[in-house]
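Undergrad: Turn this into a model:
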Amino acid sequence: MSPQEQLLTPREASRMLGISYPAIKKWILDGKLRTIRTPGGHHRLSATSLRPFLKTDRARPQMESRERYRRVSGRNQLAGKVVSVRIEGLLAEIILAIGDARVTAIITAEAARELRLRKGDTAAALIKSTDVMIERLDERAD
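TA: Below you'll find the model as predicted:
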């Protein structure tokens, strides 16, 4: 590492790599990533130490690469196939199949047209929410 090289916090490095903060902490604790310790015992990473991970990621096909996650602030992204596009008036209903589940999004008709979404296209649902609800799906016989 050169003396002028900027050191990153684990959170900054996780954003750069497009992975979660807990994942990078695990990599550090498992020895997968070398760090420098501050006098206070905090981990810092050099940008140079992240290069092999970025290079490996860029070699992956685009849909498997974390590169696209680094272009958007939201991290709750679910990739799937478009199964339905319905545009009516100012709104559009887009339904994605993600595994066995379906995710429905209501977006503007203009946004749907700009994205040129069609049935069979690959797309991602980006979820940004402060509320998550749970519903019991099985019957409990007490």
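Undergrad: how about the closest residue to T38 other than its chain neighbours, what does it touch?
TA: Closest residue to T38 apart from its sequence neighbours, by C-beta to C-beta, 6 or more residues apart in numbering: R44 at 6.1 Å. Every C-beta, even on glycine, is put in place using the N, C-alpha and C of the backbone. Contact partners of R44, counting by C-beta atoms under 8 Å, 6 or more residues apart in numbering, are L7, L8, T9, T35, I36, R37, T38.
Undergrad: Next one: the fifth one from K55, what distance?
TA: To tie it back to what came earlier, the one meant is I36. Separation of I36 from K55 (C-beta to C-beta, to the nearest Å): 21 Å.
Undergrad: Where does pLDDT dip in this protein?
TA: Residues of the chain that meet the criterion pLDDT under 70 lie in 1-5, 62-75, 132, 141-142.
Undergrad: After the longest strand seen in the chain, heading C-terminal, what element do we hit next?
TA: The longest strand of the chain (DSSP state E) is strand 77-88. Proceeding N to C from strand 77-88, the next assigned helix or strand is strand 91-98, under DSSP states H and E.
Undergrad: Paired strands for that next one, with orientation please.
TA: Counting by DSSP bridges, the strands paired with strand 91-98 are strand 77-88 (antiparallel), strand 101-108 (antiparallel).
Undergrad: How about the shortest one, which residues are buried there?
TA: Buried residues in strand 101-108, counted by 16 or more other C-beta atoms under 10 Å: V103.
Undergrad: Show me the contact partners of that strand.
TA: So strand 101-108 is contacted by L78, G80, V83, L90, L91, A92, E93, I94, I95, L96, A125 (C-beta under 8 Å, 6+ apart).
Undergrad: In this protein, where's the longest helix?
TA: If you go by DSSP state H, the chain has its longest helix at helix 47-59.
Undergrad: Centre of the chain to that helix, how far?
TA: How far helix 47-59 lies from its chain's middle: 17 Å, per C-alpha atoms, centre = their mean, to the nearest Å.
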